[in-house]
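Trainee: only the shape, not the letters, is given here:
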């Protein structure tokens, strides 16, 4: 299978950690529920392809996300493959955290919003109320020795509020990190970011006291900008990139959001730039092709399509 020609890019990190979200963020958006056995196989194939950090599931109410109602069953089925510092699960509240900790989970994520409208629609709370909800979750997780990631959505634009001021994003991000979170993921939930905007926000976050090595980026491809925005972030010093195998996913509460950045597309680009990801591109493409065949449609990833046709 063809590989990108290696032409190292100056001034970029030597390696980038891919934070794989396809199993959770991708499959939660499927119209039908993917069987738990298929999800477990998906995780194991991703691990075999060299992906180290995989967000496995979400301990959210089945009423809101029925596709992830099998969270406990999936963790039990995966055994050691579903636990450890590199297998985070999304825990929206204390009840979800309790369920996760009971299974031995040691890495969690919480999901906030940079805008009031999306906080209301997604969490049924104001931003301030959501922070109040997250505080005991983070405290309890840290007391249990868990690693905690903070997602902040709508960092680059909101379908109801329009442009989101950079200062507003910094304020919410700073508040999330002040809770004691270990990592911050910036979400371009509706895919409207541009490279200059990405660089400006990263600079503002660093100026606001957030360490560069704790910042991750999470781009959607609504306007075809996910890869260019990710590469802009990497050139600006970001070393953690969220991506979804095959380009699965979107956001169930933001109808204008399309798929996530495809893991294959970013791995192809980074490999060509001489940046290590630890991912076997051939094995990853085979995994995404397998999942696409199960779902009954082509993978959105351009690299998967190109290499499948070669």
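Mentor: Thanks, I have it. All values derive from a computational prediction rather than experimental measurement.

Trainee: okay, now the unreliable bits of the stretch 201-310 of the chain?
Mentor: Confidence mapping of the stretch 201-310 of the chain against pLDDT under 70 gives the ranges 250-258.

Trainee: show me the helices in it, by range?
Mentor: Assignment of helices within the stretch 201-310 of the chain using DSSP state H, counting those that start in this stretch yields the ranges 226-235, 263-272, 281-295, 302-309.

Trainee: what is the third one packed up against?
Mentor: Based on contacts counted as 3 or more CB pairs under 8 Å, 6 or more residues apart in numbering; DSSP states H and E, the elements that helix 281-295 packs against are helix 36-48, helix 263-272, helix 302-309. The way it works is simple: take the backbone N, C-alpha and C, and place the C-beta from them, glycine included.

Trainee: quick check: angle from it to helix 36-48?
Mentor: With axes from the mean of the first three to the mean of the last three CA atoms, to 10 degrees as the basis, helix 281-295 and helix 36-48 are set at 170 degrees to each other.

Trainee: one more: the first one?
Mentor: The directions of helix 226-235 and helix 36-48 differ by 40 degrees, with the same axes, to 10 degrees as the criterion.

Trainee: just use 59 as the starting number from now, easier for me
Mentor: Okay, using 59 as the starting number, the last item reads as helix 284-293.

Trainee: got the angle between helix 284-293 and helix 360-367?
Mentor: Here helix 284-293 points in a direction 120 degrees away from that of helix 360-367 (the same axes, to 10 degrees).

Trainee: quick check: buried residues in helix 284-293?
Mentor: For helix 284-293, burial by neighbour count (16 or more other CB atoms under 10 Å) applies to 284-293.

Trainee: re earlier: what's the most buried one of the helices of the stretch 259-368 of the chain?
Mentor: Per residue and on average, the most neighbours among the helices of the stretch 259-368 of the chain fall to helix 321-330, with a mean of 24 (mean count of other CB atoms under 10 Å).

Trainee: hang on, the earlier thing: output the helices of the stretch 259-368 of the chain as CSV; include the columns distance to residue 253.
Mentor: Rendered in CSV, the data for these read as follows (distance: least, CB to CB, whole Å):
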stretch, distance to residue 253
helix 284-293, 4
helix 321-330, 14
helix 339-353, 24
helix 360-367, 19
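
Trainee: which among those is found nearest to residue 177?
Mentor: helix 284-293 (23.2 Å; CB to CB).

Trainee: show me what the closest one is packed against.
Mentor: Contacting helix 284-293 under the criterion 3+ CB pairs under 8 Å, 6+ apart are the following elements: helix 253-265, strand 273-277, strand 298-301, helix 321-330.

Trainee: closest to residue 131 out of the helices and strands packed on helix 339-353?
Mentor: When the helices and strands packed on helix 339-353 are compared by CB to CB, helix 94-106 sits nearest residue 131, at 5.1 Å.
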